[in-house]
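Student: Structure for this input, please:
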Amino acid sequence: MHKHFKYLGYILRHKWFVFLACCKLGIPLRGITHDLSKFRPSEWFPYVNFFYGDKKKNKAFDKAWFLHQTRNKHHWEYWCPPDENGVRTPQKIPQNIALEMIADWFGAGKAQGTAKTWYDIWLWYEANKMKIFLHPYTRKEVMSRLLSIWID
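Tutor: Predicted coordinates:
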């Protein structure tokens, strides 16, 4: 039971930081509804067992992560599903969803203790952008917004 409370604490911390970031980005409602699917048993139990259990990736965790990405539009993977040959073609992400994606990065960094400022999120994005498949328009918007927040 202890691991469930630890995970709940993390989720609530993450949601709080995402909400604060969404407020800063002008989309507070997205911050309130962010990651509600993580409370579904199909995500909750595999996540608890992975993050607070044996830390071994397994099919249950992989399925839960896949479900989370396909249920939540704020994940770039939602907008870049592989075709029958495994090729990903990024679609343009609506602005409010792209902003929630940025807020999610910030909330994860803050909740995990790896980010203190928006500059840290910029550095994380710069280090990981080649692994994040975005439509050119969305990439430009993300980079522009990250720069404007960091400078603000």
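Student: buried stuff in the lengthiest helix in the chain?
Tutor: In the chain, with assignment by DSSP state H, the single longest helix is helix 2-24. Buried positions in helix 2-24, judged by neighbour count with 16 or more other C-beta atoms under 10 Å: 7, 10-11, 14-15, 17-22, 24. Placement of C-beta: from N, CA and C, glycine included.
Student: Could I get the average pLDDT for the helix or strand that that helix is followed by?
Tutor: The first helix or strand that comes after helix 2-24 along the chain, using DSSP states H and E, is helix 28-33. Averaged across helix 28-33, pLDDT comes to 97.
Student: Tabulate the buried residues of helix 2-24 in TSV, adding columns for distance to residue 118.
Tutor: Output for those, formatted as TSV (distance: C-beta to C-beta, whole Å):
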residue	distance to residue 118
7	26
10	21
11	22
14	17
15	18
17	12
18	14
19	16
20	11
21	9
22	13
24	9
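Student: What score does the residue positioned nearest the centre of the chain have for pLDDT?
Tutor: Residue closest to the average C-alpha location in the chain (C-alpha atoms, centre = their mean): residue 104, at 4.2 Å. At residue 104, the model reports a pLDDT of 98.
Student: thinking in terms of the whole chain, how far from its middle is the helix or strand of the chain with the lowest mean pLDDT?
Tutor: Counting by mean pLDDT, DSSP states H and E, the chain has its least confident helix or strand at helix 136-151, which shows a mean of 90. Relative to its chain's centre, helix 136-151 lies at 16 Å (C-alpha atoms, centre = their mean, to the nearest Å).
Student: Report the buried residues of that helix.
Tutor: Quick answer for helix 136-151 (16+ other C-beta under 10 Å): 138-139, 141-142, 146, 149.
Student: Report the buried residues of stretch 34-46.
Tutor: Result for stretch 34-46 [16+ other C-beta under 10 Å]: buried residues 34-35, 37-38, 43-46.
Student: hmm, I was thinking of stretch 48-64
Tutor: 48-50, 61, 64.
Student: Out of the residues you listed, flag the one nearest to residue 81.
Tutor: Closest approach between those and residue 81, by C-beta to C-beta: residue 64, at 17.5 Å.
Student: residues in contact with the helix or strand that contains the closest one?
Tutor: If you go by DSSP H and E, residue 64 is part of helix 59-71. When contacts are defined by C-beta atoms under 8 Å, 6 or more residues apart in numbering, helix 59-71 is touched by residues 37-38, 42-43, 45-47, 49-50, 75, 77-78, 81.
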